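Novice: Quick one, what's the 3D model for this:
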Amino acid sequence: MDRAEFQAMLALDDEHWWYRGRRRVLRAVLDGVALPPGARLLDAGAGSGRTLDELARLGSVAGVELNPAGVEAARGRGHHDVREAPVESLPHPDGSFDLVTCLDVIEHTDDDVRSLRELRRVTRPGGALVVTVPAYPRLWSLHDEVNGHRRRYTRRTLRAAARDAGWQVERITGFNAVYLLPAAAVRIARRNGAKAGSSELALTPPALNRVLEVPLRAEAALIARGVSLPAGLSLLAVLRAPG
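Specialist: The predicted model follows:
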């Protein structure tokens, strides 16, 4: 990821409407995943550590993050078991975790099947992985290049990568559907006019964060009821380790 983009994420992760909305969707899904007492949870690609705050209510947490600035930020939140490592080579033994989250990470890796296979290795048999990825390859834009993406996904390609890595696909849903068309228009327009390194996170004023989050709040409520949204700028999958 571009350094300036990562710093923007660290600065805005708590309050930006996109991150707040994604956390609502994640919470809606996690509330439906059965976990044992004393569950162990991993966030692979922990960023600022904000997702670890969410996971901590469910059990003991650990994180891995490739960027040293992210490791420092996550530890600064009080999450001491955060290690600097790539998702393709996790510093944990086989079957260490009951639940793993990997949010907007595997699209950055050269080999997503290898990454998903490594995530399965550290998940106990019967455990779950929640993964989110950007959707619609045709929306490829400067946003993807600034973020260091290797690909965007369709349901078919995400399902195929998960199955090739040995996961059972339990559920796939879109989210951030309301902003799909406006975002597509912005990204097409920015293909020819935006400066390298400029961040989409800065396109909406902070004063609108709570208003812009409202559609994602509604989507989270639907997802919590088991609805799989047919469209959205992102895809979320719940995967299950065999056993």
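Novice: Sketch out the strands for the protein, chain order is fine.
Specialist: For the chain, the strands defined by DSSP state E occupy 40-44, 60-65, 82-84, 97-103, 123-134, 168-175, 234-240.
Novice: who's in contact with the fourth one?
Specialist: The one in question is strand 97-103. 22, 26, 30, 33, 35-36, 39-45, 51, 55, 58-59, 62, 87, 115, 119, 122-124, 127-132 (Cβ atoms under 8 Å, 6 or more residues apart in numbering). C-beta: built from backbone N, CA, C; applies to glycine.
Novice: if we can go back for a sec, dump the strands of the chain into TSV; add mean neighbour count as well.
Specialist: Formatted as TSV, those follow (neighbours: other Cβ atoms under 10 Å):
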stretch	mean neighbour count
strand 40-44	26
strand 60-65	24
strand 82-84	17
strand 97-103	25
strand 123-134	22
strand 168-175	18
strand 234-240	23
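Novice: I'd like these written out as TSV, with mean pLDDT and distance to Ala207 added.
Specialist: TSV is the format used below for those (pLDDT from 0 to 100; distance: least, Cβ to Cβ, whole Å):
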stretch	mean pLDDT	distance to Ala207
strand 40-44	98	30
strand 60-65	98	30
strand 82-84	98	32
strand 97-103	98	26
strand 123-134	98	26
strand 168-175	98	24
strand 234-240	98	24
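Novice: Let me have those in JSON lines, extended by distance to Val71.
Specialist: As requested, the strands of the chain are exported to JSON lines (distance: least, Cβ to Cβ, whole Å):
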{"stretch": "strand 40-44", "distance to Val71": "12"}
{"stretch": "strand 60-65", "distance to Val71": "5"}
{"stretch": "strand 82-84", "distance to Val71": "5"}
{"stretch": "strand 97-103", "distance to Val71": "16"}
{"stretch": "strand 123-134", "distance to Val71": "21"}
{"stretch": "strand 168-175", "distance to Val71": "28"}
{"stretch": "strand 234-240", "distance to Val71": "25"}
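Novice: residue ranges of the helices in this protein, please?
Specialist: 3-12, 17-30, 50-55, 68-76, 112-121, 142-146, 155-164, 180-193, 209-224 (DSSP state H).
Novice: pLDDT weak spots in the chain?
Specialist: By pLDDT under 70, the weakly predicted segments of the chain are 1-2, 190-203.
Novice: Can you tell me which residue is spatially central in it?
Specialist: Ranked by distance to the mean C-alpha position of the chain (Cα atoms, centre = their mean), the top residue is Leu103 at 1.5 Å.
Novice: Could you check how far it is from Gly243?
Specialist: From Leu103 across to Gly243, the span is 24 Å (Cβ to Cβ, to the nearest Å).
Novice: these two touch, right, Ala177 and Ser228?
Specialist: No: counting by Cβ atoms under 8 Å, Ala177 does not reach Ser228; the two are 11.2 Å apart.
Novice: Those two: which has the busier surroundings?
Specialist: The residue with more neighbours, out of Ala177 and Ser228, is Ala177; 20 against 13, by other Cβ atoms under 10 Å.
Novice: how close does that one get to Arg217?
Specialist: 13 Å.
Novice: and if you look at Arg159?
Specialist: 27 Å.
Novice: okay, the two: which has more neighbours?
Specialist: Comparing Arg159 with Arg217 by other Cβ under 10 Å, the one with more neighbours is Arg159, at 17 against 14.
Novice: Just list whatever residues bridge to the closest residue to the more buried one other than its chain neighbours.
Specialist: Once flanking residues are discounted, Arg159 sits nearest to Val169: 5.4 Å by Cβ to Cβ, 6 or more residues apart in numbering. When bridges are called by DSSP bridges, Val169 pairs up with Leu239.
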